[in-house]
Each structure stands twice: as C-alpha cells, then as structure tokens.
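J.: turn this into a structure:
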Amino acid sequence: MKIVANLWRGAEKRAPNAPYPSVALENVAPWLARHPDAGVTPLVDATPLAPVAALWVKDERSRMALGSFKALGAAYVIGHEALRRSADPGADTLRGETYVTASAGNHGMSVAAGARAHGARAVVYVAETVPERFTARLENLGAEVRREGVDYAASMAAAAAAAGANGWTLLSDSSWDGYTELPHRLMEGYLQMAAEAFDQCPEVPSHILLQAGVGGLAGAVAAYARHIWGDVPSLIVVEPEAAPALQASIEAGHAVFAPGPDSVMGRLDCKEPSLIALNGLARDADLFLTLSDDDVTACLPALEAAGLATSPSGGAGLAAVLSEASREILGIGADARVLTFLSEGPA
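T.: As a prediction, this is how the structure comes out:
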C-alpha cells in the first residue's frame with residue numbers, strides 16, 4: 001500500500017499533446033435517447049460496511065445489459081458516428097465499417113454492441129490470458145475474436161497493426177501521442193455515469209474513490225466532479241500495486257511505463273496511462289493509492305454478502321474504504337461521506 005499526494009494539482013498538462021477530459025455531458029443525450037437499454041443504474045447505500053457517515057456505491061453491473069460502465073464508452077463513440085451520418089440511424093448506417101480493438105472483455109463488449117447496432121463489423125484482439133468466458137460473450141455479441149499476444153499491450157499492438165493494414169478504425173479506450181480523438185469521445189460517454197451518481201447522492205461527498213487502469217473512468221468522473229462541485233470532494237485514485245501507471249506518472253511528472261507482475265485486478269492491470277486521463281487526473285485528483293491483490297480480495301466476501309458481488313477490478317475503490325489501513329492512510333474518518341463506483345459484476 002502506497003500513497004502519493006498530487007503535486008501537480010491545478011498545474012499545466014503532463015501530456016501537452018493530449019486534451020483534458022470532456023465535461024460536455026449534453027453531447028451524450030442524443031445517443032442515450034435512442035438506446036433501448038439506457039436506464040439509470042442505482043446508487044446503493046452501503047454505509048453499514050464501513051465506519052463512515054455515508055458510503056454510496058454507484059452500481060454499474062446492470063448498465064445497458066452489458067454488465068459494466070464500459071457500455072457507455074465504445075458503443076457511444078460508434079453511436080455518435082452513426083448519428084453524425086444520419087439523423088435517423090438504423091441497423092445498416094455503418095455497414096461496411098470495421099472497428100478493431102484489444103480488450104480483456106468489457107471494452108470489447110461495448111465495441112461489439114455498438115457495431116452490431118449499426119451494421120458495422122467488430123474485431124477484438126485478446127491476449128492469451130483472457131478467459132474463454134469473455135471471448136464467448138464477445139462472440140455472442142457478434143464480434144470476431146482473435147487471440148494474439150501474451151498481454152494486453154501485445155494484443156493492442158496487434159489490433160493497431162490490423163487497423164493500419166486493413167483501413168479499419170482502431171477504437172481503444174486508452175490514448176497516446178497521435179491517438180486522442182476517439183478515446184476523448186469515449187471518455188465523454190462515462191460522464192453519464194458520473195452525472196447520475198451526483199444527482200443521486202443526497203449530499204455532496206467528502207471523498208470520491210476511483211479505481212483506475214489506464215484511467216478512463218477515473219479521469220472522466222474526476223473532471224465532472226470538479227466541474228460540478230469544485231474543490232469540495234477529495235478525489236482519490238486507486239490502482240493495483242502491480243500496475244501503478246498513474247501514480248508513477250504523477251511522481252515522474254510525465255507518462256511512464258510502470259512494469260510489474262500480473263494482478264488479479266485484470267481490468268486495472270495496465271502498465272501505461274491514457275494521456276487524456278493523466279492530464280485530467282494531474283489537474284483534478286488529490287491522492288493516488290495503490291492496493292495489493294490481497295488488500296482487495298479480502299474485501300470481496302463482505303461485498304458479496306451485502307449484495308454487491310463484483311470482481312477485484314470492480315471493487316478496488318470500495319476496498320480502499322473497507323480497509324482500516326487504507327482509511328487511516330487516506331484520512332477517511334467517521335464523518336466522511338464517500339462515493340465509490342462498482343464498475344462491473346463478478347469475474
């Protein structure tokens with residue numbers, strides 16, 4: 001467990017060639033209005049789980065029938081393109097287009113669902129470590145799944161190569177030098193989750209805990225929190241000890257590769273940050289915390305017993321509240337009002 005205070009809070013960008021996250025929630029509404037599964041996800045009062053004044057959990061397990069917050073990402077990018085081409089897009093609006101990506105499951109499902117809705121093709125590269133149950137879910141949504149590479153970075157390299165070779169659209173949920181337009185739009189979709197949670201909270205939170213892989217969820221929610229609530233909430237980013245990409249980048253003052261072993265927090269096990277997310281979190285976040293696999297898995301039984309069954313990735317932010325050690329290091333006391341996000345269902 002390691003904590004780093006953000007010395008760049010409010011300072012200039014850490015990645016000059018990338019934008020800050022969007023806060024233009026109004027851009028998401030036209031797509032949502034046309035989506036049959038666009039219901040609001042619940043905010044659960046989980047205060048009995050921790051010795052705090054309030055613990056609220058935004059439960060994304062039912063989001064658009066895809067099981068995670070990422071339903072709001074890639075599918076939104078594809079739907080936005082369909083709306084750009086037609087005022088009344090349908091099942092053939094994007095026929096002939098191919099979207100390609102790499103994924104450990106949830107992002108790929110969003111790509112597949114978005115492509116299927118408008119007649120496009122989805123090709124999803126997965127690493128050798130991705131379980132068959134995820135590839136089966138991708139295929140059930142109509143995606144073509146290709147296994148390549150020992151890890152996510154290798155499968156993303158394969159996806160990028162395929163995009164270049166075939167003229168396909170690469171749709172990643174991360175961003176890097178020269179690739180920011182689509183991931184910027186993708187993170188914009190996550191604002192819907194933040195806006196719902198903020199409307200549902202009975203009071204302004206004192207703390208918001210945000211688990212991060214490349215940082216898309218954390219960057220989008222943090223940007224919107226500052227837009228709506230200013231400096232009031234303390235914004236805390238939670239990462240695996242094995243993949244502290246954002247924490248290490250904050251320490252270095254620029255994006256860095258943070259090598260480490262595999263983590264059970266598979267969807268957070270990302271060794272390089274999204275540059276858009278890094279810019280936003282360097283500006284907006286207060287603290288960066290890393291947790292071990294044991295820190296997180298120890299909390300999962302209590303979450304399941306409370307009706308909040310999730311994966312280590314989905315429960316990492318909550319784990320930081322349930323752990324006495326991390327509450328102490330973060331200064332989360334008995335008077336804290338904490339907002340967290342349950343980002344996916346059980347693995």
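
J.: what's the local residue count around T101?
T.: 28 (other CB atoms under 10 Å). All C-beta spots, glycine's among them, are computed from the backbone N, C-alpha and C.

J.: residues in contact with it?
T.: 74, 107-108, 111, 122-125, 156, 159, 170-173 (CB atoms under 8 Å, 6 or more residues apart in numbering).

J.: secondary structure element for the residue most central in space within the chain?
T.: Centroid check for the chain by CA atoms, centre = their mean gives L217 as the closest residue, at 3.3 Å. L217 is part of helix 216-229, with elements assigned from DSSP states H and E.

J.: let me know the average pLDDT across the helix or strand just after that helix.
T.: Using DSSP H and E, the next helix or strand after helix 216-229 towards the C-terminus is strand 234-240. Averaged over strand 234-240, pLDDT sits at 98.

J.: same check on stretch 180-188?
T.: 98.

J.: please apply the same query to stretch 110-120.
T.: 96.

J.: ok, stretch 305-321 next?
T.: The model assigns stretch 305-321 a mean pLDDT of 97.

J.: can you check stretch 98-107 too?
T.: For stretch 98-107, the mean confidence score works out to 92.

J.: distance between the ends of it?
T.: 16 Å (CA to CA, to the nearest Å).

J.: equivalent analysis for stretch 58-73, please.
T.: 17 Å.

J.: any idea how far that stretch is from the middle of the chain?
T.: Averaging C-alpha positions (CA atoms, centre = their mean, to the nearest Å) puts stretch 58-73 10 Å from its chain's average.

J.: what pLDDT does the nearest residue to E128 once chain neighbours are set aside get?
T.: On the basis of CB to CB, 6 or more residues apart in numbering, the spatially nearest residue to E128 that is not a chain neighbour turns out to be V150, at 5.6 Å. Note on V150: pLDDT of 87.

J.: quick one: contacts for V150?
T.: Applying CB under 8 Å, 6+ apart, the residues contacting V150 are A127, E128, T129.

J.: pretty sure the last one is touching D151, no?
T.: Meaning T129. Yes. Counting by CB atoms under 8 Å, D151 is a contact partner of T129 at 6.9 Å.

J.: can you pull out the strands in the chain?
T.: Applying DSSP state E to the chain gives strands spanning 2-5, 43-45, 54-59, 98-102, 121-126, 144-147, 169-170, 207-211, 234-240, 287-291, 337-342.

J.: in JSON lines, list those strands along with distance to R137.
T.: Listed next are these as JSON lines, based on distance: least, CB to CB, whole Å:
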{"stretch": "strand 2-5", "distance to R137": "34"}
{"stretch": "strand 43-45", "distance to R137": "25"}
{"stretch": "strand 54-59", "distance to R137": "20"}
{"stretch": "strand 98-102", "distance to R137": "15"}
{"stretch": "strand 121-126", "distance to R137": "10"}
{"stretch": "strand 144-147", "distance to R137": "10"}
{"stretch": "strand 169-170", "distance to R137": "21"}
{"stretch": "strand 207-211", "distance to R137": "21"}
{"stretch": "strand 234-240", "distance to R137": "23"}
{"stretch": "strand 287-291", "distance to R137": "27"}
{"stretch": "strand 337-342", "distance to R137": "19"}
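
J.: what's the closest of those strands to G253?
T.: With CB to CB, the closest approach to G253 among those belongs to strand 2-5: 11.9 Å.

J.: since that was my last question, I'll sign off now.
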